[in-house]
Each structure stands twice: as structure tokens, then as C-alpha cells.
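Chemist: Below are the sequence and a predicted model; questions follow.
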There are 2 protein chains.
Amino acid sequence: MTNKNHPCANCSFYEQSLWRPVAGANMSTLARNFTRREMEAGSVLYHQGAPSDGVYCVSRGLFAIRSFGPDGSSSLLRLAYPGELIGYRAFLTGRDHRTEAQALLPSRVCVVAQRDAKQVVRACPEVLTRLAVRCADELDLCHDRIQEAARSPNKERLAQLLEQLMAAHGTKDGRFERMHLPISRQDLADILGVQPETLSRLIKRLQSEGRLRTSGRWIEMPGPMQKHVI
Amino acid sequence: MTNKNHPCANCSFYEQSLWRPVAGANMSTLARNFTRREMEAGSVLYHQGAPSDGVYCVSRGLFAIRSFGPDGSSSLLRLAYPGELIGYRAFLTGRDHRTEAQALLPSRVCVVAQRDAKQVVRACPEVLTRLAVRCADELDLCHDRIQEAARSPNKERLAQLLEQLMAAHGTKDGRFERMHLPISRQDLADILGVQPETLSRLIKRLQSEGRLRTSGRWIEMPGPMQKHVI
DNA sequence: CGTGAAGTTGATGTATCTCAATTGTCGTGG
DNA sequence: CCACGACAATTGAGATACATCAACTTCACG
């Protein structure tokens, strides 16, 4: 049996796909209940407090996973790029979403509805293994973030964050890299856990140190440094 | 078939046990390769960077899950109480431990070695489901912590932390609760992500506000407040 | 070309870090 | 039982970082 019927077969993340191990009869189940959903920038995939209605795989674009406090304050817990899985925590635990997922760019997600996902997972434990591993990976990222927050000052954390964003969204331009920031200053501040005014001043400091140049949402940074042999 | 042969049958956390769904032939496998390990306070269950050698379930005592930075700085990522699972991240992903687990009190863990755990999980997917759910739960805790760090000031976070510790380790004494802190000031500081000097001053402030009294590792706090109807 | 939201700047108070010095705690051996 | 040392914890002083509030500017967009 070839996998040309696999709904993820044409996806560029097929090999890493959560659903990759699905085969046989389950593949038909999966194919039948598998939908793509196009989303415009700014629209929300699922809201905080909503019940789980399935598992989502980002196929194109970019999502922000946010959490809002009772007082209206917001945290940006992670960004989800194509190939990443979102909404699986609520699926795994059966509890409501504790975060909201908002598209930051025109995006596409592949959706497997709750009931069908459960059925496929039951029939194909290898899928569950992959799911658990992704969960463990995200746990690592959280741990890293907690440690970074305790270790490096916010200015350095911002520089790191911008480098990561540059790697994902930047284009080379001579010795410099340039990008259009996919997220607002407020979101940047929410990632670092500081106020927007503070973020603005952190950026100014990095700028005065010659580590970047900004103009609105455009940011320019010197490319990855050459390593010198001392 | 009764479950009197189940190695976790006598554990007070049996119903919630990861291995609870194991039955039949797998139960014998589990029972054969199941060991208990007593640990004295201060000893280390696994080191950061060590390869995974199984899954551990805390049966008695208390463990600190720590991470050390390249510069020697430490973070305390979580405390693990009886009934909780530790070391499963390395088991799930097959990568090395990124944290170390140290007993803070005389403790006991139940160990299922790598190879056997894998075999049982393969034969009994319900175990994997439970494992994934625990992972998702820990992810929630991490998210909560990141948000708390961004929202509440460190003084309030310390007060919350002490209340949690009091709930776990305190004993009522009239209108007050009293406990012997199971962790050092350095560890408390590592949980909050502040320096020990700052922690000392935060405690002093709480003390001057009458919210607690300390003497070495002994801490006394007024019990849970009566709710007043306005 | 106005209008509202997003972003910036300034001024000021609070919180935290850092380094150094001091005090306290606990186990050990005299 | 006490003295002692090693380490944990506290305190002080000064510098740095961040929050807050208000005013201002820039930007996106109709």
C-alpha cells in the first residue's frame, strides 16, 4: 500500500507529521474527517475557556498562543510555525483550552476533529507516542524559558528573541539581515514579560549599541557574527 | 483476575498510578522489573546530562527538579511529591536528562527500568495516555508559572509559594500554621528567580506586614483567612 | 486628511542586583 | 557540653533595571 492516500502525504512536514504512522483502515477514517482551514491574519482559531474540538496542525502562516489573566493582562506563551501542533493539550486532558490561538499572518491549519482524533489515536498508539514526545518537547521549551528569565537580563533575552525571529522571517541583504516583524511591540513585551514602555527602551538601548536598526516594524541586524580565533 | 499481583496495588496512589491499567502478562513483566529505591536527603536520583534509565514514581518524601546553567546558576523547576512521576521526559524523548532530581527529605521512589517501561508501554497504550496527560498537566503548571512571573510581584508570589508549602508540610497550631521548611533559602530564591539577598528582604517585608513569622527554617503563618461578607 | 491605535519619550518611584561585611545555624570533634 | 569551622542567611550601601503615569509622536487606514 502506498501512502498516496494519506491526507498529509503532500504536506512538506509529512515525515514529522503526527499522523504519519496512520495506515490502513484508519487512514481512510483520517482522510474522511480531515479538513483544512484558511485563516486571515488576526482571526482566532480557538478561544481561552472553549472546549477542545480537535487537534490542529499549522500548515502555513504563524500563530500566537496567548493567555489572558483575570485582570486583562496577556502573556504570549509561544509562537507556532508550520509543522507545529497546537490545541493538543486540551485534546489530551479533555479539559478546556487555557490559551487562545490567534493567526498573526494569513494562515492555514489542518484539523482533525475530537472524535476522529480519539478514534485514530486508539487504533494507532504510535500517534500517541509522537504526541507525547511533542508535549515533552514543549515542556523543555518552557523550562528553557523559565531558566532564561532567571539568568539573562531582559536586554539579552530580547536580542535572542529577535535573532530567532530573524532566522524565521529575515532575508539576507549584504552583511545584514532584514525582516518585517510578524508581531506587535505589545506581543514582544508579553513574551519577555515586561511593559511596552520598557520594551521600547530596551530596543533603543540595543540600537545605541549598534546591534540593530529599526523603522516601524522593519528591523535590520548584522548577520551571524564571524567567529574569531583568538 | 484480581490485581493483588499488581506491584502498585499497595501504593496509596494506586488509582492514579501510571501503571494502573497494566494487566495480564504485562503485569508479570512489570512486577519482575519493578524496584523500590530508598534515598536519603540530599542524594541525587539522576543527574543533568545523564541518559534516561527509566521512569520514577515518587512514593515517599520530596524531590527537587533542578537545572544548572553553564555558569553554575541554578533554577528549581518543580517540587515532586509522592504520587508524582519524574524522569519521564527523558524516557519519552530518548534524550538525556536536562534536569537533576535531588531528594530533599528521606525518600522512596519506585523505578521501572528503561527497557521494561518501553515494553509495557508498547503493550498497553492506556499507560501512554496517562503519561501524555501528566506531561500536559506539567505543561500547564509551567504556563501558569510564566504568567504569574509576569503578573504578580515577587512578594505576592513568595506568599503564594509559602502557602502551598504550608498546605503540604504545615500543621495547625491554634489559629496559626507552622512548618519546617523542606527547602533552603537558595532553593526558594531559585523558584522565584531572584537572588537570595532579595528573598531575604521579601521575607522581611512579609514579616513586617504581619503575614508570617520566621525563625531559621521554621515558619508560622496565620491560617487560611475567614471570608467576610461585605 | 483626519482619526484611533500603536509606539515612543520623559519624569519619578519602586524593585532588584551586586559586592562586601556580618551574623546565624548546624554538625563535628575536642 | 562547648568550641570550632563551614556554610547558610542576613544586612547595608550603592548602582541598575523596571513600572507607572502622562504627554506626545508616528503609523495604518478609511
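Modeler: Yep, it's here. Residues are numbered from 1 along each chain as shown, chains lettered A, B, ... in the order given.
Chemist: switch to C-alpha atoms for all contacts and neighbour counts from now on
Modeler: Fine.
Chemist: Chain A against DNA strand C: which residues are in contact?
Modeler: Contact residues, chain A versus DNA strand C (CA under 7 Å from any atom of the strand): A:184, A:185, A:186, A:196, A:197, A:198, A:199, A:200, A:201, A:204, A:216, A:217.
Chemist: repeat that with 10 Å
Modeler: By CA under 10 Å from any atom of the strand, the residues of chain A that approach DNA strand C are A:149-153, A:181-189, A:195-205, A:207, A:214-217.
Chemist: Now restrict these to buried residues only.
Modeler: With neighbours counted using 16 or more other CA atoms under 10 Å in any protein chain shown, the residues of chain A next to DNA strand C contain these buried positions: A:149-151, A:181-183, A:185-189, A:196, A:199, A:202-203.
Chemist: Remind me what the longest helix anywhere in chain A packs against, helices and strands.
Modeler: Longest helix in chain A by number of residues (criterion: DSSP state H): helix A:125-151. Here helix A:125-151 touches strand B:74-80, helix B:88-93, helix B:125-151, going by 3 or more CA pairs under 8 Å, 6 or more residues apart in numbering or on different chains; DSSP states H and E.
Chemist: wait, which of the ones you listed is closest to residue B:15?
Modeler: Checking the helices and strands packed on helix A:125-151 against residue B:15 by CA to CA gives helix B:125-151 as the closest, at 11.7 Å.
Chemist: who in chain A is up against chain B?
Modeler: Counting by CA under 8 Å from any CA of the partner chain, chain A comes close to chain B at A:67, A:73, A:75, A:77, A:89, A:92-93, A:122, A:125, A:128-129, A:131-133, A:135-139, A:142-143, A:146-147, A:149-151, A:193-194.
Chemist: how about a cut-off of 7 Å?
Modeler: Chain A comes close to chain B at residues A:75, A:89, A:92-93, A:125, A:132-133, A:135-136, A:139, A:142, A:146-147, A:150, A:193, as judged by CA under 7 Å from any CA of the partner chain.
Chemist: Who are the contact partners of residue A:27?
Modeler: When contacts are counted by CA atoms under 7 Å, 6 or more residues apart in numbering or on different chains, residue A:27 touches residue A:6.
Chemist: avg pLDDT for whichever strand or helix holds it?
Modeler: Taking DSSP states H and E as the definition, one finds residue A:27 inside helix A:25-32. Confidence over helix A:25-32, taken as the mean pLDDT, stands at 85.
Chemist: try stretch A:126-137
Modeler: pLDDT averaged over stretch A:126-137 gives 96.
Chemist: just stretch A:207-219 next, same as before
Modeler: What stretch A:207-219 shows for mean pLDDT is 94.
Chemist: before we move on, what about stretch A:42-52?
Modeler: In this model, stretch A:42-52 has an average pLDDT of 96.
Chemist: where does chain A dip in pLDDT?
Modeler: By pLDDT under 70, the low-scoring segments of chain A are A:1-2, A:225-230.
Chemist: Would you mind splitting chain A into its domains for me?
Modeler: Domain segmentation of chain A under automatic domain parsing yields A:14-149, A:153-222.
Chemist: quick one: which of the ones you listed is nearest residue B:18?
Modeler: Closest of the domains of chain A to residue B:18 is domain A:14-149, at 14.1 Å (criterion: CA to CA).
Chemist: Give me the distance between the two termini of that closest one.
Modeler: Domain A:14-149 has its terminal residues 34 Å apart, counting by CA to CA, to the nearest Å.
Chemist: May I have stretch A:113-128 as CSV, with CA atoms only?
Modeler: Output of stretch A:113-128 as CSV, limited to C-alpha atoms (Å, rounded to 0.1, in the frame of the first residue of the first chain):
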residue,chain,number,x,y,z
ALA,A,113,-11.9,16.7,14.9
GLN,A,114,-12.1,15.5,18.5
ARG,A,115,-14.0,12.2,18.0
ASP,A,116,-12.0,11.2,15.0
ALA,A,117,-8.7,12.0,16.5
LYS,A,118,-9.6,9.9,19.6
GLN,A,119,-10.5,7.0,17.4
VAL,A,120,-7.3,7.2,15.3
VAL,A,121,-5.2,7.5,18.4
ARG,A,122,-6.8,4.5,20.0
ALA,A,123,-6.2,2.4,16.9
CYS,A,124,-2.7,3.6,16.3
PRO,A,125,-0.6,4.1,19.5
GLU,A,126,2.4,5.3,17.6
VAL,A,127,0.5,8.5,17.0
LEU,A,128,0.1,8.9,20.8
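Chemist: got a list of contacts for stretch A:92-103?
Modeler: For stretch A:92-103, with CA under 7 Å, 6+ apart as the criterion, the contacting residues are A:39-52, A:62-67, A:90, B:133.
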